[in-house]
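Turn this into a model:
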Amino acid sequence: ITGCSCCCSSPPLPTCSSTMGSSSCLSLPQCQACFGLDLRYRLSNNSQRPHQNNAIAIFSNKYEFKRLLRSTSSLAFPLFRGFPLQQVKLIRSRAESEGNVAGSSDETLQTSSFQWSSLVLPFFFPALGGLLFGYDIGATSGALISLMSPELSGISWYQLTSVEVGLVVSGSLYGALAGSVLAFNVADFLGRRKELIGASLLYLLGVTITAVAPDLFTLLAGRLVYGFGIGLAMHGAPLYIAETSPSQIRGALVSLKEGFIVLGILLGYLAGSVEITTVGGWRIMYGIAAPIALIMGIGMWWLPPSPRWLLLSAAQGKASVDALRHEAISALSRLRGSQINRTAVESEVNESLISLQLDREGQGKPTFSEVFQGSSLRALRIGAGLVLFQQITGQPSVLYYAASILQSAGFSAASDATRLSVFLGIFKLLMTSVAVFKVDQLGRRPLLIVGISGIVLSLFLLVTHYSFSQGYPILAVISLLLYVGCYQVSFGPISWLMVSEIFPLRTRARALSIAVLVNFASNAIVTFSFAPIQDLLGAASTFSCFLVVGLVSLFFVIYYVPETKGLSLEEIESKLLNN
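Residues are numbered from 1 along each chain as shown. A predicted model of the protein is given here:
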């Protein structure tokens with residue numbers, strides 16, 4: 001580069017004589033080779049801190065760094081190779097602490113990076129995995145009444161003990177636990193798309209076994225297989241949606257997936273309301289899920305793989321970097337829409353790939369212990385804590401036993417209870433829409449804090465109802481509505497949103513599988529133990545325990561959960577890296 005006129009000073013590097021901090025020294029050269037050598041020299045020259053400061057200024061300048069990312073030149077990727085990992089991370093964090101994050105998109109890319117019409121199917125088909133999870137919750141609420149009725153069950157083994165009822169209800173959750181363990185080991189190998197295809201096949205098999213079950217053992221086996229599908233779907237769906245969504249609407253789309261879970265609950269409630277008077281209606285309630293699972297499988301087969309998963313595979317050396325990079329560009333172009341400028345798509349892919357290659361540990365397969373180190377551990381504490389409190393504040397009990405709670409609250413007829421469950425489902429859907437439209441505007445923390453406060457109040461009202469005012473069933477209904485409404489603007493959508501976005505890409509699949517495992521383990525325990533504990537302690541004491549846990553969860557959110565509104569996945573990773 002001797003004599004290159006586009007360098008920031010006449011003498012070529014490494015003897016740059018330009019005044020430190022001057023505009024000429026900070027300007028991006030027209031020649032990429034000069035820029036690469038200039039920036040590498042500044043970053044590596046620890047003896048001259050001003051050089052490093054200037055490099056940070058370049059690195060943190062959104063427009064100038066984006067110009068480099070837009071290039072397909074191979075110089076963009078090995079730019080930081082050979083630097084110690086901690087030095088690169090320190091420089092990156094120093095740049096981001098100034099408020100100008102290197103990974104963020106410039107205004108042009110933010111406003112033209114996707115077509116709305118192109119987002120529908122890449123969201124819809126993965127979200128069906130959540131809908132089928134929700135449908136199981138809603139259908140089980142009515143199926144329990146049908147299954148245990150001597151007139152309506154159509155079977156001879158309808159006299160189920162409280163333990164057997166707990167197994168029927170939580171059988172799918174035990175399967176989900178096993179599915180989460182399976183996802184931990186195969187998610188990065190299969191990819192998000194194939195994982196969701198496998199989930200749809202397990203859904204279809206499980207619902208078929210359940211609907212034709214001749215005895216309790218076969219019924220429980222079907223519930224277990226269906227649960228395997230839940231475990232894979234609730235791991236793969238938020239990953240696929242978060243990794244393929246534009247950052248400016250990622251919160252709304254992942255929250256809308258929770259809306260599909262609620263829609264599934266509502267459909268399950270509706271199926272229970274329609275078939276509650278049919279002999280053997282519980283078979284129909286469960287069987288309706290089969291065609292939905294088939295649609296999900298066909299849709300996921302048609303969709304492209306996650307571009308970020310392709311880039312992770314490239315960074316781990318599973319195939320040619322150039323080949324996987326071009327495949328990622330093609331996949332992202334299809335996901336963003338045919339009319340989007342290819343330069344914007346290439347820039348987003350290059351940005352993600354550089355973020356991976358900045359991490360010296362990004363080569364090879366992540367180890368089990370890596371999930372419990374550094375930023376991955378910090379993210380795991382937050383994600384696992386959120387999904388744990390999501391369940392142990394009583395959510396599974398309120399949903400799975402909604403009809404039973406309403407019956408005990410004074411609505412004795414089965415049809416009355418199931419109709420009120422349908423109303424509850426509609427209300428859940430409406431309140432979820434509040435989170436969908438407000439999460440990217442208000443942020444994650446405000447919705448969590450306000451929602452959990454309302455949950456605590458609703459649990460207090462439930463305790464009051466069962467302790468002093470059982471003659472007023474309207475209080476139970478108001479308490480349930482308040483609980484459901486507050487849950488749907490807080491724990492419901494926000495927990496799944498945050499666990500899909502806070503984990504570093506390198507360990508995201510494994511860390512998320514642990515969070516899903518915690519979610520379903522706590523869900524299964526609470527669901528299984530609710531009926532026996534309620535028989536032992538009574539409803540008032542049971543909901544008092546949930547009330548105490550709710551207060552603890554409010555403290556956890558206030559002091560430990562960060563705000564991620566408006567940040568790209570790479571920016572969130574850096575934020576956790578900076579603690």
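
just the helices in the stretch 251-400 of the chain please.
Per DSSP state H, counting those that start in this stretch, the stretch 251-400 of the chain has helices spanning 281-287, 289-302, 307-315, 321-336, 342-358, 374-392, 395-400. These are given in chain order.

Of the ones you listed, which is nearest residue 224?
Closest to residue 224 of those, according to C-beta to C-beta: helix 281-287, at 13.4 Å. Heads up, the C-betas are built off the backbone N, CA and C, glycines and all.

buried sites along that closest one?
Neighbour counts over helix 281-287 (16 or more other C-beta atoms under 10 Å) mark 281, 282, 283, 284, 285, 286, 287 as buried.

If you rank every helix and strand of the chain by mean pLDDT, what lands last?
Sorting the helices and strands of the chain by mean pLDDT, DSSP states H and E puts helix 107-111 at the bottom, at a mean of 34.

following that one, which helix or strand shows up next?
helix 120-147 (DSSP states H and E).

Taking their axis directions, that next one and helix 321-336 sit at what angle?
Angle, helix 120-147 to helix 321-336, by axes from the mean of the first three to the mean of the last three C-alpha atoms, to 10 degrees: 70 degrees.

and the buried residues of helix 281-287 as JSON lines, adding pLDDT?
Converted to JSON lines, the buried residues of helix 281-287 look like this (pLDDT from 0 to 100):
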{"residue": "281", "pLDDT": "84"}
{"residue": "282", "pLDDT": "85"}
{"residue": "283", "pLDDT": "90"}
{"residue": "284", "pLDDT": "91"}
{"residue": "285", "pLDDT": "91"}
{"residue": "286", "pLDDT": "92"}
{"residue": "287", "pLDDT": "93"}
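
which of those residues lies closest to residue 199?
Set against residue 199, the nearest of the buried residues of helix 281-287 by C-beta to C-beta is residue 286 (17.0 Å).

contacting residues for that closest one?
139, 143, 207, 210, 211, 222 (C-beta atoms under 8 Å, 6 or more residues apart in numbering).

now with 10 Å?
135-136, 139-140, 143, 206-213, 219, 222-223, 226, 268, 271 (C-beta atoms under 10 Å, 6 or more residues apart in numbering).

repeat for residue 461
Neighbouring residues of residue 461 by C-beta under 10 Å, 6+ apart: 469, 475, 476, 478, 479, 480, 482, 483, 543, 547.

out of these, which are buried?
Buried members of the contacts of residue 461, scored by 16+ other C-beta under 10 Å, are 475, 476, 479, 480, 482, 483, 543, 547.

Which entry within these corresponds to the minimum pLDDT?
On pLDDT alone, residue 476 ranks lowest of the buried ones among the contacts of residue 461, at 75.

Surely that residue is in contact with residue 465?
Yes: counting by C-beta atoms under 10 Å, residue 476 sits close enough to residue 465 to count as a contact (5.0 Å).

Which residue lies nearest the spatial centre of the protein?
The centroid of the chain falls nearest to residue 500 when counting by C-alpha atoms, centre = their mean (3.0 Å).

ok, that residue touching residue 306?
No: Residue 500 is beyond contact range of residue 306, at 11.8 Å (criterion: C-beta under 10 Å).
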